[in-house]
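Asks: Below is the structure, and that's it, no one-letter string:
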Ligand code: SF4
Ligand code: SF4
């Protein structure tokens, strides 16, 4: 679908599209962005992560996170992201803490990290801790993956998935392996949303099984939000406003009850709190009533995870609410 270049001038502010502010529900998911270090530097990366980035958790913040994981039974899931979360300080300690506290653990892995020196044992480490692996694989064809993520990434991803399968991932019900699809970055005004999740999952399943004997549990389709490197790429092509307009034209109110920000607390490597990883990257922190940026120390001092009353939204939120919707758990509606 294409939009006219002038249409962006009429973009309806997101808070008017949703009509009433989104209220935060009790927090059940703690999503930790451990830092910006990554072995890859993908063109669509909303974190702008890469091998030259150095920002990561400190021992002090890691200790606060472990205390929070231990202290709050209401937390059901600990979701670790980055960068490549595995490369950043505190990763294994946080997985162990979440495992000992009997939380569901999600690691958002780029898979190629398994082939970096010092990380070869990750598949076994994941299996031992019953980690649910959520792995990026934007296509079942090598050319498309390498174009988006770098040369050789597809072959490494396939070998990594086969190793995970050998350990039982995607085959043993206790070892969940999900794949993530995101569309290519738009090059012109012909914009697209992800295809229907269930039919694309079927296509992935058939091709990966036939071509590589790979099994997985679910495919999650994620819309490209106009933030991070995606925003930069859109700006370079003078497409940012039009892409936002395209997303707004596809606004679907049925996605609102499933937004991940409703019950998620996102934390950055410095210990600051956000409604979600996207707000984190857009530098929209959660604030106290007097305007101070909230931190993990505030959670511990108040003995409460529920310090945020209202979710902060902006125009990138149209990315979560367009069409079938989009979240770290895939399509919503
Ligand atoms: S998209 Fe993921 S794998 Fe790629 S650079 Fe960003 S954090 Fe790394
Ligand atoms: S970007 Fe998405 S998840 Fe984050 S606050 Fe907006 S709607 Fe919620």
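Replies: Now that the structure is in, tell me what you want to look at. Keep in mind the model is a prediction, meaning the values are calculated, not measured. Ligands and ions are numbered 1, 2, ... in the order given.
Asks: The helix ranked longest in the chain: how far from the chain's middle?
Replies: Counting residues, the longest helix found in the chain (DSSP state H) is helix 197-212. Between the mean C-alpha point of helix 197-212 and the mean C-alpha point of its chain there is a distance of 22 Å (C-alpha atoms, centre = their mean, to the nearest Å).
Asks: where do the strands sit along this structure?
Replies: Chain-ordered strands for the chain, with DSSP state E as the definition, fall at 29-33, 77-81, 104-109, 132-136, 177-181, 218-221, 264-267, 273-274.
Asks: Quick check: which helices or strands does the longest one pack against?
Replies: Put plainly, it is strand 104-109. Based on contacts counted as 3 or more C-beta pairs under 8 Å, 6 or more residues apart in numbering; DSSP states H and E, the elements that strand 104-109 packs against are strand 77-81, helix 91-100, helix 122-128, strand 132-136. (C-beta placed from N, C-alpha, C; glycine too.)
Asks: now swap in the fifth one and tell me
Replies: Here strand 177-181 touches strand 132-136, helix 153-166, helix 197-212, strand 218-221, going by 3+ C-beta pairs under 8 Å, 6+ apart.
Asks: try it again with 7 Å
Replies: The elements that strand 177-181 packs onto, with contact taken as 3 or more C-beta pairs under 7 Å, 6 or more residues apart in numbering; DSSP states H and E, are strand 132-136, strand 218-221.
Asks: any chance of the ones you listed in JSON lines, plus distance to residue 36 and mean neighbour count?
Replies: Formatted as JSON lines, the helices and strands packed on strand 177-181 follow (distance: least, C-beta to C-beta, whole Å; neighbours: other C-beta atoms under 10 Å):
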{"stretch": "strand 132-136", "distance to residue 36": "16", "mean neighbour count": "23"}
{"stretch": "strand 218-221", "distance to residue 36": "22", "mean neighbour count": "22"}
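Asks: who wins for proximity to residue 199 among the ones you listed?
Replies: The minimum distance between residue 199 and the helices and strands packed on strand 177-181 falls on strand 218-221, with 9.9 Å, by C-beta to C-beta.
Asks: So for that closest one, mean pLDDT?
Replies: Strand 218-221 shows a mean pLDDT of 97 in the predicted model.
Asks: Give me the sheet partners of it and which way each runs.
Replies: Strand 218-221 pairs in its sheet with strand 177-181 (parallel), by DSSP bridges.
Asks: what's next to the partner strand, contact-wise?
Replies: Under the criterion C-beta atoms under 7 Å, 6 or more residues apart in numbering, residues 133-138, 164, 169-170, 194, 200, 204, 216-222 lie in contact with strand 177-181.
Asks: picking that back up, reformat the helices and strands packed on strand 177-181 as TSV; add distance to ligand 2.
Replies: Converted to TSV, those look like this (distance: least, C-beta to the nearest ligand atom, whole Å):
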stretch	distance to ligand 2
strand 132-136	16
strand 218-221	14
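Asks: Tell me which of these sits nearest to ligand 1.
Replies: Of all those, the one in closest proximity to ligand 1, counting by C-beta to the nearest ligand atom, is strand 132-136 (6.1 Å).
Asks: Counting by contacts, list what the closest one packs against.
Replies: Strand 132-136 makes packing contacts with strand 104-109, strand 177-181 when contacts are defined by 3+ C-beta pairs under 7 Å, 6+ apart.
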